[in-house]
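S.K.: Return atomic coordinates for the entry below.
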Amino acid sequence: MTGKLIIVPTPIGNLGDMTARALEALRTSDVVCAEDTRVTGKLLLAFGIEKRVERLDETLMARRAEGVVQRVRDGEVIAYCSDAGMPGVSDPGLRLVRAAREAGVAVEVLPGPTAAATAYVASGCTNPRFFFGGFFPRKDAERTAALEAVRALDAALIFYESPNRLVDALDCIADVLPLRCVSVCRELTKLHEEVVSGVSGQVRDEFRARETSAATGKGAGIKGEIVIVIDGQSEAERVSDADAATEAARVRAHQLADAGMRKKQIARALVDEFGIARNDAYAIALEA
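M.R.: Sure, this is the predicted structure:
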């Protein structure tokens, strides 16, 4: 019998999203490796599947991935499940797939639920492309750096976040991208599914108010799995960025003029430094 590694996606909340192919893979595999045996054990129990389950989380993956691949090479059919959604998307499954590919053993990836794609559609954002950034950084400086690195992308920006850090994350987004539309998608496919959308500062204020209410014992606070979707650049932001670039170019043009640089040289420098149109750069050079 030829061995195979099967990547099995599992529901992100609603058990009704379990596919027939995923159930068949779990039933027919020799063993199921799981990010958390308790989570996957409950899933198997819900569908009446009796199967040996082995833990293979982030910590163990570094030591055991090669051994799992060798077992596949020796003929075992091994199914891998993460806690929820598609294994390999912001979880240790990606390392297992890479090890299997490098070893040349058979890998079958089944399609299924993914929180990032579900949130992208649920947000109703207008940009037809998206960038998935995984889990949002925990520290303020790292959050700001992450947003600055991708703010120029012509795409929606998607991040996973913990409910305990949501307000801090939204505060950073409102500071760096004050004109963007943001959606907080919470508990997708579950009983209390919620999508809150608006300009970044408005969404931040909504969840800050919930956090404050919980602290005073007047509310339930913020709970559940969360995906943040930041829509692509709006027209208002494009105009704002263009105005800022033009003003910065004017300041730079005066500096270059004071240094004795000629008009054409100044114009070329402004195009290179600020990415403004050549005609606009030459007009600013003339002003200087």
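
S.K.: And the next helix or strand past the worst-scoring helix or strand of the chain on mean pLDDT?
M.R.: Sorting the helices and strands of the chain by mean pLDDT, DSSP states H and E puts helix 235-258 at the bottom, at a mean of 73. Later in the chain than helix 235-258, the nearest helix or strand by DSSP states H and E is helix 263-274.

S.K.: other SSEs contacting that following helix?
M.R.: helix 235-258, helix 278-287 (3 or more C-beta pairs under 8 Å, 6 or more residues apart in numbering; DSSP states H and E). Bear in mind the C-beta positions are built from the backbone N, C-alpha and C, glycine included.

S.K.: winner for burial among these?
M.R.: Highest mean neighbour count among these (mean count of other C-beta atoms under 10 Å): helix 278-287, with a mean of 16.

S.K.: Counting by contacts, list what that one packs against.
M.R.: Helix 278-287 sits against helix 235-258, helix 263-274, with contacts defined as 3+ C-beta pairs under 8 Å, 6+ apart.

S.K.: what comes into contact with the first one?
M.R.: Translated: helix 235-258. With C-beta atoms under 8 Å, 6 or more residues apart in numbering as the test, helix 235-258 has contacts from 177, 179-180, 233, 265-266, 269-270, 273-276, 280-281, 284-285, 287-288.

S.K.: Please look at Thr10 and Thr19 and confirm they touch.
M.R.: No: using C-beta atoms under 8 Å, Thr10 is not in contact with Thr19; the gap is 9.6 Å.

S.K.: quick one: common contacting residues for those two?
M.R.: The contact sets of Thr10 and Thr19 overlap at Gly112 (C-beta under 8 Å, 6+ apart).

S.K.: More neighbours: those two, which one.
M.R.: Thr10 (24 against 16; other C-beta atoms under 10 Å).

S.K.: just checking, what packs against the helix or strand Ser197 falls within?
M.R.: For Ser197, the host element (DSSP H and E) is strand 194-199. Identification of packing neighbours for strand 194-199 by 3+ C-beta pairs under 8 Å, 6+ apart yields helix 115-123, strand 181-186, helix 200-215.

S.K.: Let me see the mean pLDDT of it.
M.R.: Across strand 194-199, the average pLDDT comes to 96.

S.K.: just stretch 86-103 next, same as before
M.R.: When pLDDT is averaged over stretch 86-103, the result is 92.

S.K.: Residues in contact with it: which ones?
M.R.: Stretch 86-103 has contacts (C-beta under 8 Å, 6+ apart) with 5, 7-9, 33, 35, 56-58, 61-62, 65-66, 68-70, 72-73, 80-83, 106-107, 109, 112-114, 116, 132, 134-135, 160.
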